[in-house]
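Trainee: okay, here's the prediction I keep looking at, along with the sequence it came from:
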Amino acid sequence: MEIWFIIVGTLCLCAALKPLLDLLSHRTKPKHPPGPWTVPIIGNFLWLRKSLFDLNPILRNLNAKYGSIVSLPIGSRPNIFIRSHSLAHQALVQNGSIFAARPPSQNAFSKQRAINSSTYGPFWRLLRRNLTSEILHPSRLNSYSSARKRVLKTLISNLKEQSESGKPIQVLEHLRYAMFSILLFMSLGQELDEKVIQEAIQVQRLLISSINRYRILTFMPKLGKIIFQKLWKELIHLRTYHTNFFNSLIRARKEGNEKQVASYVDTLFKLWIPEEGRNFNEEEIRALCSEFINAGTDTTATVMEWIMANLVKHQDIQEKLFSEIKGVVGLEEEISEKDLKKMPYLKAVVMEGLRLHPPLHFGLPHTVTEESYVDGYVIPKNASVHFMIAEMGRDPQVWENPMEFWPERFLSDGGEGFDITGSREIKMMPFGAGRRICPGLNLALLHLEYFVANMVKEFKWVAVDGEEVDLSEKQEVAVMMKTPLRAHISPRRILD
C-alpha cells in the first residue's frame with residue numbers, strides 16, 4: 001500500500017512541477033522570430049510560389065501582429081524579414097561580418113561566381129576591390145564622361161524627334177537604352193552601333209526575365225532534367241545564345257589594339273586568383289560583365305522614370321528644379337558633371353525618388369554564417385535574412401508624410417549631410433548597407449542627377465491630356481510603374 005502511495009505521490013508531484021519546468025526551459029530556450037503557423041513541407045512550397053513583392057501586404061499584417069522582425073518558412077531554410085531601421089543597422093553595420101554572406105544562388109543558368117552571389121571571403125574581396133578601385137573610383141568614372149555625354153546627346157535627340165511627331169513620350173525604353181549603352185561601354189570599352197546594342201539588350205533582358213521560369217530546375221537539377229525535358233532544352237538554348245553573343249564581344253575586345261579607355265573586361269583579363277593560381281576563364285569574365293550591366297540598367301532607369309513621373313505630377317517641383325538648373329548653367333550652356341555639385345535641390349529630388357521608390361523593395365538576401373541574435377531573437381545559422389527597404393523609406397515614425405513626394409525634406413542641412421550609406425544610422429537603404437552595400441552607389445547617383453537635370457533643362461514635361469500619372473507598382477526585374485509613364489514634352493528654349 002505504501003509503495004502505491006509513493007508512486008501516486010511521485011506522479012502527482014511531477015505533474016505539478018512540469019508547468020514550472022516548462023516555463024523555466026521556455027525562458028532559457030532561445031526564441032526564434034515569430035511568424036504564422038504553416039503545414040510543414042507543403043506550406044514551405046506554397047510560400048515559395050509567391051514573389052517577395054507579393055509578400056508585401058502579408059508582411060505588413062505580420063509586422064502589425066508580431067513586430068518588426070518576423071519569419072516565414074519559404075523553401076528549405078528559415079527566412080527572416082526585418083523592417084526596423086535600428087535592427088537593420090544592428091545587423092548590417094554593427095554585426096556586418098556575420099550578415100555579409102549570401103544564400104546559395106537560385107540562378108538556374110549556371111554556378112558562375114559573381115560579386116553579388118559570391119561567398120563572403122577572399123574571392124569576393126578580390127572581385128569587389130577590382131571593381132571599386134579600377135572602374136568605380138571617382139577618377140576612373142571621370143574617364144567615361146565623354147561616353148555619358150555621347151549617350152545623353154542620343155537620348156535628347158531621340159526625345160526631341162519623338163516629341164515633334166506629336167506622340168506622347170514613353171520614357172522608360174529611352175532610359176533603358178541610355179543606361180545600357182553607358183554600362184556596355186564601361187564593361188567592354190567599345191563604341192557599338194545601335195543594332196548591336198539593341199541585340200545585346202534583347203539577349204540580357206531575355207536572360208533576366210526568364211530566371212524565374214527556370215527556378216524549378218535549380219531546386220531539382222537532376223530530376224528536373226528528366227521531368228522537364230522541354231524546359232531544360234529551352235534553358236540550354238538560351239544559355240548558348242547568351243554565351244555566343246557576349247563571348248564574341250569579349251574576344252573582339254581582347255584581340256583589339258585600340259584601347260583609348262580602360263574597361264571592366266580589361267581589368268578581368270589581367271586579374272589573378274591567388275587561391276587557385278590562375279586567371280579568370282571566359283565563362284567567369286562573361287558572368288561578371290553581365291552582372292555589371294544588369295546591376296545598373298533597369299534599377300537606374302526605373303528610379304529615373306519614377307522621378308520623372310513625380311515631376312510630371314508635381315509641376316511646382318519641376319519648375320523649382322528648372323529654376324535651379326537655369327541659375328547654375330543658363331539655357332545655352334551644357335550641364336557639366338561639375339555643375340551637379342552646385343545643385344542641392346537636384347540632389348534632394350533624386351534622394352526623394354530613391355526613398356519613395358527604391359528599385360528593389362527587399363534588396364538581395366543576406367545569410368548568417370553563425371547563429372546570431374537580433375532584438376533578442378535567435379537568427380539560425382544559414383537562415384536567409386531580408387530587409388524591408390521600401391517599408392523603411394515609407395515609415396511614418398521616421399518620415400513625415402512618407403507617401404508624399406517632397407524633396408525639401410532633404411534640404412534641412414543643405415542636402416549634403418544625409419548618410420545614404422547608413423554607416424551612422426539607417427533611415428533608408430536603397431543601395432543596401434554594411435559590407436555588401438552596392439559598390440555602384442556613386443555611379444547610380446551620378447547617372448540619376450546627370451540625366452534628370454538634362455532632361456528637365458531641355459524639356460518641359462506635362463501629363464498627356466485626360467491621363468493621370470498612375471504611381472501604382474509592379475514587380476519585374478525591379479519594382480516598376482504598373483502603368484508606364486507617358487508624357488508630352490516641349491523644348492525649353494522655344495518656350496523661354
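Mentor: In hand now; what should we look at?
Trainee: contacting residues for Met304?
Mentor: Counting by C-beta atoms under 8 Å, 6 or more residues apart in numbering, Met304 touches Leu175, Met179, Gly353, His447, Leu448, Phe451, Val452. All C-beta spots, glycine's among them, are computed from the backbone N, C-alpha and C.
Trainee: quick one: the strand or helix carrying it to chain centroid distance?
Mentor: Here Met304 is covered by helix 282-313, with elements defined by DSSP states H and E. Remark: helix 282-313 is offset 9 Å from the chain centroid, using C-alpha atoms, centre = their mean, to the nearest Å.
Trainee: what residue lies at the spatial centre of the protein?
Mentor: Centroid-nearest residue in the chain, with C-alpha atoms, centre = their mean: Leu360, separated by 4.5 Å.
Trainee: low pLDDT regions in the stretch 251-400 of the chain?
Mentor: Along the stretch 251-400 of the chain, the parts satisfying pLDDT under 70 run over 258.
Trainee: where along it do the strands fall?
Mentor: 272-273, 278-279, 366-367, 372-374, 377-379, 384-387 (DSSP state E, counting those that start in this stretch).
Trainee: for the longest one, which outside residues touch it?
Mentor: Taking contacts as C-beta under 8 Å, 6+ apart, the residues outside strand 384-387 that touch it are 52, 74, 77-82, 88, 91-92, 99, 103, 362-363, 365-368, 379, 429, 432.
Trainee: try it again with 6 Å
Mentor: Applying C-beta atoms under 6 Å, 6 or more residues apart in numbering, the contact partners of strand 384-387 are Arg77, Asn79, Ile80, Phe81, Ile82, Ala88, Pro103, Phe362, Gly363, Pro365, His366, Thr367.
Trainee: I'd like the distance between the fifth one and Pro402.
Mentor: Summarising the geometry, the distance separating Ile82 from Pro402, computed by C-beta to C-beta, to the nearest Å, is 18 Å.
Trainee: which one is Leu72 nearest to, not counting chain neighbours?
Mentor: Asn79 (5.0 Å; C-beta to C-beta, 6 or more residues apart in numbering).
Trainee: check which helix or strand covers the one you found.
Mentor: Element membership for Asn79 (DSSP H and E) is strand 77-82.
Trainee: what's that strand in contact with?
Mentor: Strand 77-82 has contacts (C-beta under 6 Å, 6+ apart) with 33, 59, 69-72, 88, 379-380, 382-387.
Trainee: thinking again about what came up before, JSON lines please, covering the strands of the stretch 251-400 of the chain and showing distance to Leu321.
Mentor: Formatted as JSON lines, the strands of the stretch 251-400 of the chain follow (distance: least, C-beta to C-beta, whole Å):
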{"stretch": "strand 272-273", "distance to Leu321": "47"}
{"stretch": "strand 278-279", "distance to Leu321": "47"}
{"stretch": "strand 366-367", "distance to Leu321": "36"}
{"stretch": "strand 372-374", "distance to Leu321": "40"}
{"stretch": "strand 377-379", "distance to Leu321": "43"}
{"stretch": "strand 384-387", "distance to Leu321": "31"}
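Trainee: for Lys230, find the nearest of those strands.
Mentor: The closest of the strands of the stretch 251-400 of the chain to Lys230 is strand 384-387. By C-beta to C-beta, the value is 30.4 Å.
Trainee: sorry, back to before: closest to Pro344 out of the contacts of strand 77-82?
Mentor: Closest to Pro344, out of all of these and judged by C-beta to C-beta, is Ala88, at 27.1 Å.
Trainee: next SSE downstream of the helix or strand harbouring that closest one?
Mentor: Taking DSSP H and E as the criterion, Ala88 maps to helix 85-89. Note on helix 85-89: by DSSP H and E, the next helix or strand toward the C-terminus is helix 122-134.
Trainee: pull out the buried positions in that next one.
Mentor: Across helix 122-134, burial judged by 16 or more other C-beta atoms under 10 Å covers Phe123, Trp124, Leu126, Leu127, Arg128, Asn130, Leu131, Glu134.
Trainee: now stretch 384-403
Mentor: Those would be 384-395, 399, 402, for stretch 384-403 by 16+ other C-beta under 10 Å.
Trainee: show me where the stretch 301-450 of the chain has its helices.
Mentor: Under the criterion DSSP state H, counting those that start in this stretch, the stretch 301-450 of the chain contains helices at 315-329, 344-356, 389-393, 441-458.
Trainee: how many neighbouring residues does the closest residue to Glu282 other than its chain neighbours have?
Mentor: Once flanking residues are discounted, Glu282 sits nearest to Asn247: 6.1 Å by C-beta to C-beta, 6+ apart. Neighbour count for Asn247, taken as other C-beta atoms under 10 Å: 14.
Trainee: name the helix or strand for Asn247, please.
Mentor: Per DSSP H and E: Asn247 is located in helix 229-255.
Trainee: again with Arg205
Mentor: helix 194-209.
Trainee: next, the angle helix 229-255 makes with that helix.
Mentor: In terms of direction (axes from the mean of the first three to the mean of the last three C-alpha atoms, to 10 degrees), helix 194-209 departs from helix 229-255 by 140 degrees.
Trainee: now helix 194-209: how far from the chain's centre is it?
Mentor: Remark: helix 194-209 is offset 20 Å from the chain centroid, using C-alpha atoms, centre = their mean.
Trainee: the residue nearest to Leu72 and Pro359, how far apart?
Mentor: 21 Å.
Trainee: contacting residues for Met98?
Mentor: Slight slip there: residue 98 is Ile, not Met. So Ile98 contacts Val368, Thr369, Ser372 (C-beta under 6 Å, 6+ apart).
Trainee: list buried residues within the residues you listed.
Mentor: For the contacts of Ile98, a burial check counting by 16+ other C-beta under 10 Å picks out Val368, Ser372.
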